[in-house]
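Asks: model the structure of this input:
(chains A and B)
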Protein chains: 2
Amino acid sequence: MKKLLQIDFIMDGPFGEAMSEAFAPLAESIAQEKGLIWKIWTENAATKEAGGIYLFEDEASAMAYLQMHTERLNSFGISPINAKIFDINEPLSLIDRAPIV
Amino acid sequence: MKKLLQIDFIMDGPFGEAMSEAFAPLAESIAQEKGLIWKIWTENAATKEAGGIYLFEDEASAMAYLQMHTERLNSFGISPINAKIFDINEPLSLIDRAPIV
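Replies: Numbers count the residues shown, from 1 in each chain, chains lettered A, B, ... in the order given. Down below sits the predicted model:
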């Protein structure tokens, strides 16, 4: 069953175009992660927050990624990490045009 | 500029199929909200959490919806509501196949 992974954290930047340039190689790497369907990269320069919304094929992939990514963020000096793994209510989401299929 | 709205909260249910049935009329109503591109309905029966990930056309739509929806959730007895509005880093998200266009 597909799982949604929701991650956010405080960070000092970079944001915007500088973020796009700094993390393009990381995004290319993430695109290859096992079980990843897609990731939306989130950012808020005003509150110094960033994160990601991910759709995974299954819980095992989501949990393995979360453990790896938490360690990677910690290695960047980012901690704590807010993370939640959710089921998706598909009938309700499809009524609201959600891109989950 | 498009905005992502991330909401989660504790609730007693319903979850799963019962949630799909109970909230179908609400989902139909949400589909008509001004500026809404899509909503993913999230739930976790084990942790008694639920929420939504929304993509809006602009910040004004996201903020107006958040205020209205917070009041609605409060009227259901649900409080507090965790909510964050984020920018989307489009170049990084598109590398990771994000459904944002």
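Asks: does A:Ile40 belong to a helix, a strand or coil?
Replies: With DSSP: H, G, I helix; E, B strand; the rest coil as the basis, A:Ile40 sits in strand.
Asks: surely it and B:Ile100 touch.
Replies: Yes - using C-beta atoms under 8 Å, A:Ile40 makes contact with B:Ile100 at a distance of 6.2 Å. Quick note: C-beta positions are derived from backbone N, CA and C, even for glycine.
Asks: ok, the two, which is more surrounded?
Replies: Neighbour count, other C-beta atoms under 10 Å in any protein chain shown: between A:Ile40 and B:Ile100, A:Ile40 has more, with 25 against 18.
Asks: so what's the residue sitting nearest the centre point of chain A up against?
Replies: With distances taken as C-alpha atoms, centre = their mean, A:Gly52 lies nearest the centre of chain A, 2.9 Å away. For A:Gly52, the contact set (C-beta atoms under 8 Å, 6 or more residues apart in numbering or on different chains) comprises A:Leu5, A:Ile7, A:Lys39, A:Ile40, A:Trp41, A:Thr42.
Asks: again, 6 Å this time
Replies: Contacts for A:Gly52 (C-beta atoms under 6 Å, 6 or more residues apart in numbering or on different chains) come out as A:Ile7, A:Lys39, A:Trp41.
Asks: check A:Ala18 too.
Replies: Taking C-beta under 6 Å, 6+ apart as the definition, A:Ala18 has no contacts.
Asks: now do A:Ala83
Replies: A:Ile7, A:Leu66.
Asks: now the helix or strand harbouring it, how far from the chain's geometric center?
Replies: Assessed by DSSP states H and E, A:Ala83 sits inside strand A:82-88. Taking the mean of its C-alpha atoms, strand A:82-88 sits 10 Å from the chain's own mean (C-alpha atoms, centre = their mean, to the nearest Å).
Asks: related to what we said a few turns ago, SS state for the residue nearest to the centre of chain A?
Replies: Under three-state DSSP, A:Gly52 comes out as strand.
Asks: CA atoms only: put the top helix by length along chain A into PDB for me.
Replies: In chain A, with assignment by DSSP state H, the single longest helix is helix A:59-75. Taking Å, rounded to 0.1, in the frame of the first residue of the first chain, the C-alpha atoms of helix A:59-75 are listed here in PDB:
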ATOM      1  CA  GLU A  59       5.800   1.300   4.000                       C
ATOM      2  CA  ALA A  60       9.100  -0.500   3.900                       C
ATOM      3  CA  SER A  61      10.500   1.900   1.300                       C
ATOM      4  CA  ALA A  62       9.200   5.000   3.200                       C
ATOM      5  CA  MET A  63      10.700   3.800   6.500                       C
ATOM      6  CA  ALA A  64      14.100   2.900   5.000                       C
ATOM      7  CA  TYR A  65      14.200   6.300   3.300                       C
ATOM      8  CA  LEU A  66      13.200   8.100   6.500                       C
ATOM      9  CA  GLN A  67      16.000   6.500   8.500                       C
ATOM     10  CA  MET A  68      18.600   7.200   5.800                       C
ATOM     11  CA  HIS A  69      17.400  10.800   5.200                       C
ATOM     12  CA  THR A  70      17.300  11.600   8.900                       C
ATOM     13  CA  GLU A  71      20.900  10.500   9.300                       C
ATOM     14  CA  ARG A  72      21.800  12.600   6.300                       C
ATOM     15  CA  LEU A  73      20.000  15.700   7.600                       C
ATOM     16  CA  ASN A  74      21.700  15.200  11.000                       C
ATOM     17  CA  SER A  75      25.000  15.100   9.200                       C
END
